[in-house]
Structure formats: structure tokens, C-alpha cells
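*Asks:* here is the input, now give the coordinates:
(one chain, ligands or ions: 1)
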Amino acid sequence: MRILIVFNNVSKIYPNNEFGIEKISLEIKDGDFVFLVGKTGSGKSTIINLLTGDIKPTSGDIIVNNLLLNQLSQKDFPYYRRILGIIHNDYLLIENKTVYQNLEIAMLATGQSGKAIRKAIPLALGLVGMTKKMEEYPQNLSGGEIFKILMARAVVNNPKIIIADEPTAHLDYDSSLDIMSLFSDINQLGITVIIATHAKEFVDIMKKRVITLQNGKILGDVSKGKYGWII
Ligand SMILES: Nc1ncnc2c1ncn2[C@@H]1O[C@H](COP(=O)(O)OP(=O)(O)OP(=O)(O)O)[C@@H](O)[C@H]1O
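*Replies:* Residues are numbered from 1 along each chain as shown. Below you'll find the predicted structure:
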């Protein structure tokens, strides 16, 4: 598998002189499934936000899909973001639009044609088992269902990488398990999946690559690991 993401000696120091991450080097292959774990403040969100381009590194290089992010101009970022499907708990659905319209808006934002939209939305909703909710409004959906729609919205533009920050934070056990299995299905399609989480029980069930952070540094990086495994 080819290398899709490279962090080369990357540090992020916030304006208050707080280190987000310190000299992190890592590689993620195309098609990988990676959990970023670690205590509060260990640097998980910093890595996610660097990947999405929401923040810039203080030093070091980040290369994604052969693009050196440090050198991307503001105007190039929307193009870069098209290879990402980002699932943040606070990227909410638009309340007065149906599920279909929410996905349609995401596709129109990337300039997709009506034909492509009509084809892709049922496929994305089918992938997460939510086809029946297509004409529903968000207020009539459960937390787990809303999260599945967020997943469908993240995959509808056919991204190379899905990035999720604490996906199970607001979900009960069964919904979380369901969501994790959907991430696995998405990964099976060849999409690289990166999940920052505290959810030990699901990391342990999934047995994927586990990168453990501590104080902004990599403490362990284990393939087919469990939460807390560092070698
Ligand atoms: N915007 C910011 N301004 C200043 N310091 C920040 C900022 N964001 C993060 N930090 C600091 O950077 C360090 C890493 O934080 P980060 O949010 O990346 O950790 P995390 O592992 O995602 O934590 P959590 O699990 O609580 O989300 C912490 O010391 C934090 O206080």
C-alpha cells in the first residue's frame, strides 16, 4: 500500500506557548484504519486539526496524498478538503432541511452535478442503513441515526480519508458498536479511516492500528492493537 499521510517532525505550539504536539513523525498508508488514543490534552485533536488544515504546524512537514500542506495557499485548501470526509460531533445537520437536502448541500458545495447527486445520496445512505430516513428532518432522528447521517455526508463526496473526532462521545453502547462496524465497512471500500477516541472498549473490539499519544508525543504505535498497548 502506498503512503498516504506523512508527518515529518511536526510540532504545534499554540499562541499561549502550550505544546499541542512535539516533533511527531508518522506514516499512514492508503487504506489504513487508525485509532488515535491518549489522555485528555495528549494531542489527538491537534493532529486531527492539522490534518484538516484548521491549524498549521509550527514546524515540520505534513504531506497528504502527495501534497505538502504547509505550502498550500488558502485558495487551494477547499480542493485539498475534497479528499477528506470530516465527522465532528459539532458539525451538525441543518435542522430545517431533510436528510436528503443535507447531503445535497454537501455535494453542491463541491460543485457536483444533479445527476451525480441523485446517484450518490442513496448509495451513501444505503451504506449506513439510513435510506428510509431520506425525507426525514433531523429533529425526528435519534442521536445514533444523526451520527449515521453525518457519516453518509462524510462519504457522499467519495473521500480518500475519513477523519472522526470522538465519534462515540454521545452514543450508547449499541449505537457505538453499530457506528464502529460502519467505519469498518467504509474502510473495506478502501477509504482510510482515522478516529480520535477515548472509547477503550471499542478500540479493543476493533483490533486496528492504535497510535497512543502522551504529552504531545507518540508513546506507542501498534498494528492490530488494543487501547493502552504501546508495543
Ligand atoms: N487552541 C488551543 N490553544 C492553546 N492550547 C491548546 C489549544 N488546543 C489545544 N491546546 C493544548 O494542546 C495540548 C493538546 O491538546 P489536544 O486538544 O490536541 O488534546 P486531545 O488529546 O485532543 O485532548 P481531548 O481528549 O481532551 O480532546 C493540550 O495541552 C491543550 O491544552
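
*Asks:* surely residue 158 touches residue 120?
*Replies:* Yes - taking contacts as C-beta atoms under 8 Å, residue 158 lies within contact range of residue 120: 7.4 Å. In this view, the C-beta of every residue, glycine as well, is placed from N, C-alpha and C.

*Asks:* more neighbours: which of those two?
*Replies:* Taking other C-beta atoms under 10 Å, residue 158 and residue 120 do not tie; residue 120 has more neighbours (20 against 17).

*Asks:* may I see the buried residues of the helix or strand that contains that one?
*Replies:* If you go by DSSP states H and E, residue 120 is part of helix 114-127. Across helix 114-127, burial judged by 16 or more other C-beta atoms under 10 Å covers 117, 120, 121, 124, 125, 127.

*Asks:* for stretch 12-28, same thing?
*Replies:* Neighbour count says stretch 12-28 has 12, 19, 20, 21, 22, 24, 28 buried, by 16+ other C-beta under 10 Å.

*Asks:* is the second one in a bridge, and if so with what?
*Replies:* Going by DSSP bridges, residue 19 is paired in beta bridges with residue 13.

*Asks:* would you mind measuring from it to residue 48?
*Replies:* According to C-beta to C-beta, to the nearest Å, residue 19 stands 16 Å off from residue 48.

*Asks:* cool, and residue 27?
*Replies:* 17 Å.

*Asks:* for the longest helix anywhere in the chain, packing partners?
*Replies:* If you go by DSSP state H, the chain has its longest helix at helix 173-188. If you count contacts as 3 or more C-beta pairs under 8 Å, 6 or more residues apart in numbering; DSSP states H and E, helix 173-188 packs onto strand 33-37, helix 114-127, helix 143-155, strand 161-165, strand 192-196, helix 200-206.

*Asks:* apply 7 Å and report the result again.
*Replies:* Contacts defined by 3 or more C-beta pairs under 7 Å, 6 or more residues apart in numbering; DSSP states H and E place helix 173-188 against helix 143-155, strand 192-196, helix 200-206.
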